[in-house]
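Enquirer: Provided below are the primary sequence and the corresponding predicted coordinates.
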Amino acid sequence: MLKLKELRSFLNELLPANGVVDFGTNGLQVEGEGEISSIATAVSASLATIEAAVQLGVNALIVHHGIFWNRDSYVLEGTKRKKIQLLLEHGISLFAYHLPLDKHPEIGNNWKAAKDMGWFDLQPSGYMDGVSIGVKGKVPSLIRDAFKGKLESYYKHSAVCADGGSEVIETVALISGGAYKSMVEAAQQGIDAFVTGSFDEPVWHQAFEEKINFYALGHSATERVGPIALANHLHQMLHLPCSFIDIENPF
C-alpha cells in the first residue's frame, strides 16, 4: 500500500517537465483515494479507458493524454463530466504526463523505442523551448522497404510513407505522436528518415521537396511505448500491481 502523496511525489520526480511549456496539465488531474494498492497506465484518458480502470479496481490511472488541455472549456458537461464522475465515484486518482513521458531517456515514447529497435549513436533531437523531446541516431544500412518493415513489426501498425529521400537509410529521427511538422527540421539536419505518429496533407509534398523519407505509424501506436514501460517500471520500483490498459485506436 502506498499513500497518494507518495505516488504523486514519485511520479513528479520521475517525469519532470523541466521547463517545457506543455499543452495541458502534467501531474495529478483528479484526486481519488488517499491509499494506492494498484495502478494502471494507458495512452489516453478516454471514457473506455476509465471504464476499464473501474473494472480493474485500480486506485490510480496514469495516462499520456489527460482530461485537461489548454484552451479547453472550463465547463464540466457531457463526456468530460461522466469521466470525472466515474473517477470520483470509484476513488481513482488520474495522473497525466504528456511531453515528460515523450522525452524520458529510459521509459519515454521516443528513446525507449529507438533503443528497442537497435538504433545507435543516439542523440537528443526535436527541441521545444530549448528542451529535446525526440531522439535521432543511426541504423545499419537498410533499404526503405526493410526499414518500413522493422517499424511496422515494432509498433504493430501499418506505416503511411512518403519516400522522398534516399533509397538506403542510415540516419533516423523519431518524435512520437503528432510531430509531423518536425520532419522539415530533421531534413535540414541531413536525416534520411523521420518517424512519427500522424500526418497531414502538406507532409507528402514536403518530404519530396526536402528529400527525406517520412513514416507515420499511428499517433496512438507510437505512444503506447512509454505507458507500457512506465507500468513495468512502477511495478518493479513500487512493488504494486500495475497493468497497461490496451484500448484499440487505429489513428
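Expert: On my side now, so go ahead. Numbering: from 1, shown residues only.

Enquirer: OK, contacts around the residue nearest to residue 59 when sequence neighbours are not counted?
Expert: For residue 59, ignoring the flanking residues on the chain, the nearest one in space by CB to CB, 6 or more residues apart in numbering is residue 36 at 4.5 Å. For every residue, glycine as well, the C-beta is placed using N, CA and C. The contact partners of residue 36, by CB atoms under 8 Å, 6 or more residues apart in numbering, come to 1, 2, 3, 4, 6, 7, 59, 60, 93, 240.

Enquirer: What is the burial count for the fourth one?
Expert: When neighbours are defined as other CB atoms under 10 Å, residue 4 has 18 of them.

Enquirer: Am I right that it is in contact with residue 33?
Expert: Yes: contact status for residue 4 versus residue 33: in contact at 6.9 Å, counting by CB atoms under 8 Å.

Enquirer: overlap in contacts of those two?
Expert: Counting by CB under 8 Å, 6+ apart, the residues touching both residue 4 and residue 33 are 59, 93.

Enquirer: Go ahead and build a ChimeraX selection from the buried members of the contacts of residue 36.
Expert: To isolate the buried members of the contacts of residue 36 in ChimeraX, using 16 or more other CB atoms under 10 Å:
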select :2,4,7,59,60,93,240
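
Enquirer: before we move on, the earlier item: quickly list what the residue nearest to residue 59 is bridged to.
Expert: residue 2 (DSSP bridges).

Enquirer: show me where this structure has helices.
Expert: Secondary structure of the chain by DSSP state H: the helices cover 4-14, 47-56, 78-89, 99-103, 111-116, 144-155, 183-188, 201-210, 219-222, 225-238.

Enquirer: Just name the most buried of those helices.
Expert: Most buried of the helices of the chain, by mean neighbour count (mean count of other CB atoms under 10 Å): helix 99-103, with a mean of 27.

Enquirer: Just list what it packs against, helices and strands only.
Expert: For helix 99-103, the elements it packs on are strand 131-143, helix 225-238, judged by 3 or more CB pairs under 8 Å, 6 or more residues apart in numbering; DSSP states H and E.

Enquirer: could these be laid out in JSON lines, adding mean pLDDT and distance to residue 180?
Expert: Shown next, in JSON lines, are these (pLDDT from 0 to 100; distance: least, CB to CB, whole Å):
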{"stretch": "strand 131-143", "mean pLDDT": "96", "distance to residue 180": "12"}
{"stretch": "helix 225-238", "mean pLDDT": "98", "distance to residue 180": "18"}
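
Enquirer: closest one to residue 67 among those?
Expert: helix 225-238 (15.7 Å; CB to CB).

Enquirer: how far out from the middle of the chain is that closest one?
Expert: Mean-position distance between helix 225-238 and its chain equals 13 Å (CA atoms, centre = their mean, to the nearest Å).

Enquirer: Show me what it packs onto, helices and strands only.
Expert: Secondary-structure packing of helix 225-238 (3+ CB pairs under 8 Å, 6+ apart): helix 4-14, strand 39-44, strand 60-65, helix 99-103, helix 111-116, strand 242-244.

Enquirer: what pLDDT, on average, does the fifth one get?
Expert: If I follow you right, that is helix 111-116. Mean pLDDT, computed over helix 111-116, is 98.

Enquirer: May I have that helix as CSV, with CA atoms only?
Expert: This file holds the C-alpha atoms of helix 111-116, laid out as CSV (Å, rounded to 0.1, in the frame of the first residue of the first chain):
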residue,chain,number,x,y,z
TRP,A,111,14.2,6.9,-26.5
LYS,A,112,12.7,3.6,-25.4
ALA,A,113,11.5,2.8,-28.9
ALA,A,114,14.9,3.8,-30.5
LYS,A,115,16.8,1.6,-28.1
ASP,A,116,14.3,-1.3,-28.6
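
Enquirer: Since that was my last question, I'll sign off now.
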